[in-house]
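Peer 1: Provide a 3D model corresponding to the input given below.
(chains A and B)
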Amino acid sequence: MKPDLPASKRTILVAMSGGVDSCVAAALLHRAGHTVIGVTMKLWCYAEGPSPARGCCTLDAIDDCRAVARKIGFSHYVLDLEDDFREHVIEDFVGEYLAGRTPNPCVQCNNWLKFGELMRRADLLECDLVATGHYARRGVDADGRATLLRAVDGAKDQSYVLWGLTQEAISRALFPLGTMTKEEVREAARELGLPVADKKESQDICFVEGKRYVDFLRERYPERTSPAGEVQDASGRTLGRHGGVHGFTVGQRRGLNVAAGRRLYVTRIEPETGTVVVDDEAALYQSEAGISRVNYLSGEIPSGPVAGAAKIRYLHAPAAAVLRPGTPGTARVRFQEPQRAMTPGQSLVLYDGDRVVAGGIIQDVS
Amino acid sequence: MPRIYLDHNASTPVRAEVLDAMLPYFREHYGNASSAHAFGQEAKGAIEEARAKVAALVNAAPAEIVFTSGGTESDNMGVFGAARALAGKGRHVVVSEIEHEAVRNAAGALEAEGFTVTRVPAMADGRVDPDAVAKALRPDTVLVSVMAANNETGVLQPVAAIGSLCAERGIAFHTDAVQAAGKIPVDARAWQATYLTIAAHKFYGPKGVGALYVKRGAKTAPLLFGGEHERGRRPGTENVPGIVGMGAAAELARAELDTAPPRMAALRDRLEQGILARVPQVVVHGAGAPRACNTSHLSFAGAEGEHLLLTLDQKGIACSSGSACKSGSSHPSGVLLSMGVPALVAQAAVRWSVGRATTEAEIDYVLETVPAVVQKLRAASPTFAA
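Peer 2: Numbers count the residues shown, from 1 in each chain, chains lettered A, B, ... in the order given. Prediction:
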């Protein structure tokens, strides 16, 4: 399908990561006659260590963005958001792992940087809209409110990591690629002659790229540790000891260092006591999750339960569930069928069909 | 949209006369200056002519001029190379805190080699106090490096006084005069400099060529290893067109020292006074000290310099938020911090540097544009209170 572009001429800030997606988004907007200001966020503090080789917002990525902007003919700036990134994304990531949870830093980056700080910068640069290369769509509901919808290319859909967008952010956001497939985007890149057309995609967390997250934590924050403690079975029997809860994720099977004669999985992490609870696979299946930092994309807290389909991790098929709003910022979500390995720290996103209704961070599972 | 360039401290356009002088050395006189034949002699002759012109600009003898790839290499030679050559006498070096990175990081590299470096801060007015330099000297001090004009504030440093106190003690003195050349008389002799750096592209010459004045008899340890070019001080086939361009630019800069700086000062003052009259809560950095004729470094409380820079760029006005070598970084300027400027004020700093082709009409466009932009940034600032 065709890209989703505004009908009238606008001034648009395009967040460019250096990947093919955001570069194509910027180029298509420029070709359609809009005034495009490309920006790349400089996120990595190079003084603290070498930049990851690939991935978004590295020095190579910044060069790639510059090359695209020059070739297509729009202005491009590098914004230094190292401090924001360190404070809101890396700190959250490290803190969550050390607290025995499994964070999704992309969600934090979108909330704080792309649709937080970048929107503010867009105002200063007199841009009406902020575009990104995300695969998601924008719509309008019956009341005229902006909505966030799943991308047409279901395999690429990224609406899951955008659950934190406020009404204001959605109404100013633009996702030109939400109506296209990845293959169409690559085709467009080739047609535009973009040097990034065949660039490999990075699926890793940008700042951990090429390593395991535990190694990242150990190398960058050797002084920060998480509670060590016991590995116990469901009855409280001690099976072994471990050096820190941050090395575990709910659903994990490997690296438990216990001999039980059967397959055991991490089913619960108790950071207060440092206990990692392991059990049979069946115990991973749970039906209810409490979520915090809840955002309702309509901008209004629903008056009662909302039925829909909820997704508990990036690669999870949404499952029927009902969300009940709780105290401000919290909610409980009950699934029709038990779900495997719901993980504290991950995002839970509730959909109504293609529309993102609400999202939050999983706190507890029962 | 207009395109107004007020970032001449970052770089300047090559003057038409300079380019005309350079062009024959690309296509007609392309010989290697080390070659014995006629082609080589043409190139060699042109280099020596240029050397004399550059020497005249800094009041030196031609033999005291070494051509380099630019200001950074000259600074490296004059600090790192010089200290290494002097290491037999002692291993202590004094630099100011407001030096360009080329000097600051060369000093850092010396530390990694076991030298001790003392860093002298600036005073509130942006000047380095010669007494503070004198106090930093030790029996094993072999080198002092203090710039002639600061790249951010334009503040002229008391280099003659510092040169004199170094000379009295037999300590070598390097000065980075990159931002001084073409704006004030640069005088290696009067300043008693042992080493002095200039770069062609700051005075309407080409990029990629600079010079280091090395006082007759003074030594530098080589940074590069190769042939016997530049009297064995700097190997590598000479950048003949660049050197010719630097010579032409130096000759013009020297010839216009009486006329160009006053004209630039008038434009700079028009800009600075105009902004102060139209925008409240603006701080002029280095206002209490003598400054280079073309530079105005202003902090607009509540408006981050980086934001102001990008917004003005969208309106066709090019200025800078600190040194061009640091763009893309929003960390406050080390120069301003050294002067005791609070970090928030330092972050709100924008440097304007006019040039010989700047016009009054351009300044007036800037004066029409800036107040509204600043007001908008201030309105969006969570910390600004009018």
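Peer 1: surely B:Val93 is within a strand?
Peer 2: Yes. The assignment for B:Val93 (DSSP: H, G, I helix; E, B strand; the rest coil) places it in a strand.
Peer 1: how many other residues sit next to it?
Peer 2: By the criterion of other C-beta atoms under 10 Å in any protein chain shown, B:Val93 has 29 neighbours. Glycine gets a C-beta too; all of them are placed from N, C-alpha and C.
Peer 1: so who does it touch?
Peer 2: With contact taken as C-beta atoms under 8 Å, 6 or more residues apart in numbering or on different chains, B:Val93 is in contact with B:79, B:83, B:107, B:110, B:115-118, B:141-145.
Peer 1: can you check A:Ala131 too?
Peer 2: Counting by C-beta under 8 Å, 6+ apart, A:Ala131 has contacts A:Ile12, A:Leu13, A:Val14, A:Ala15, A:Ala25, A:Ala26, A:Leu29, A:Ala173, A:Leu174, A:Phe175, A:Pro176.
Peer 1: look up the closest residue to residue 90, ignoring the ones flanking it.
Peer 2: All of this refers to chain A. Distance criterion C-beta to C-beta, 6 or more residues apart in numbering or on different chains; nearest residue to A:Ile90, sequence neighbours excluded, is A:Phe207 at 6.5 Å.
Peer 1: my bad, chain B
Peer 2: In space, and not counting its chain neighbours, B:Gly90 is closest to B:Asp140: 3.2 Å by C-beta to C-beta, 6+ apart.
Peer 1: do I have it right that the one you found meets B:Ala87?
Peer 2: No. The criterion here is C-beta atoms under 8 Å, and B:Asp140 misses it with B:Ala87 at 10.1 Å.
Peer 1: ok, the two, which is more surrounded?
Peer 2: B:Ala87 (16 against 12).
Peer 1: wait, doesn't that one sit right on B:Val142?
Peer 2: Yes. Using C-beta under 8 Å, B:Ala87 makes contact with B:Val142 at a distance of 7.2 Å.
Peer 1: wait, is B:Gly81 part of a strand?
Peer 2: No. Read with three-state DSSP, B:Gly81 is helix and lies in no strand.
Peer 1: show me how far stretch A:154-164 is from its chain's centre.
Peer 2: Centre-to-centre, stretch A:154-164 and its host chain are 8 Å apart (C-alpha atoms, centre = their mean, to the nearest Å).
Peer 1: put the alpha carbons of it into CSV.
Peer 2: Taking C-alpha atoms only, stretch A:154-164 is exported to CSV below (Å, rounded to 0.1, in the frame of the first residue of the first chain):
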residue,chain,number,x,y,z
GLY,A,154,1.1,-7.7,11.1
ALA,A,155,4.6,-9.2,11.2
LYS,A,156,6.2,-5.8,11.6
ASP,A,157,3.5,-4.1,13.8
GLN,A,158,5.1,-2.0,16.5
SER,A,159,2.0,-0.6,18.1
TYR,A,160,2.9,-2.6,21.2
VAL,A,161,5.9,-0.4,22.1
LEU,A,162,3.9,2.8,21.5
TRP,A,163,1.3,2.2,24.3
GLY,A,164,2.6,5.1,26.3
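Peer 1: pull out the buried positions in it.
Peer 2: By neighbour count on 16 or more other C-beta atoms under 10 Å in any protein chain shown, the buried set for stretch A:154-164 is A:Lys156, A:Asp157, A:Gln158, A:Ser159, A:Tyr160, A:Val161, A:Leu162, A:Trp163, A:Gly164.
Peer 1: ok, the one helix or strand A:Tyr351 maps to: who's next to it in the sheet?
Peer 2: Assigned by DSSP states H and E, A:Tyr351 falls within strand A:347-352. The pairing partners recorded for strand A:347-352 under DSSP bridges are strand A:306-311 (antiparallel), strand A:355-365 (antiparallel).
Peer 1: tell me which of these is the most buried.
Peer 2: Among the strands paired with strand A:347-352, the stretch with the highest mean neighbour count (mean count of other C-beta atoms under 10 Å in any protein chain shown) is strand A:355-365, at a mean of 22.
Peer 1: need the contact list for residue 161.
Peer 2: Just so you know, I chose chain A. Per C-beta under 8 Å, 6+ apart, neighbours of A:Val161: A:Asn104, A:Cys106, A:Val107, A:Asn110, A:His134, A:Tyr314, A:Ser347.
Peer 1: switch to chain B, please.
Peer 2: Contacts of B:Ala161 (C-beta under 8 Å, 6+ apart): B:Pro130.
Peer 1: and the pLDDT for it?
Peer 2: Here, the pLDDT recorded for B:Ala161 equals 98.
Peer 1: confirm it sits in a helix?
Peer 2: Yes. When three-state DSSP is applied, B:Ala161 is found to be in a helix.
Peer 1: re earlier: now tabulate the contacts of A:Val161 in a markdown table and tack on neighbour count.
Peer 2: As requested, those are exported to a markdown table (neighbours: other C-beta atoms under 10 Å in any protein chain shown):
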| residue | neighbour count |
| --- | --- |
| A:Asn104 | 21 |
| A:Cys106 | 19 |
| A:Val107 | 23 |
| A:Asn110 | 24 |
| A:His134 | 26 |
| A:Tyr314 | 16 |
| A:Ser347 | 24 |
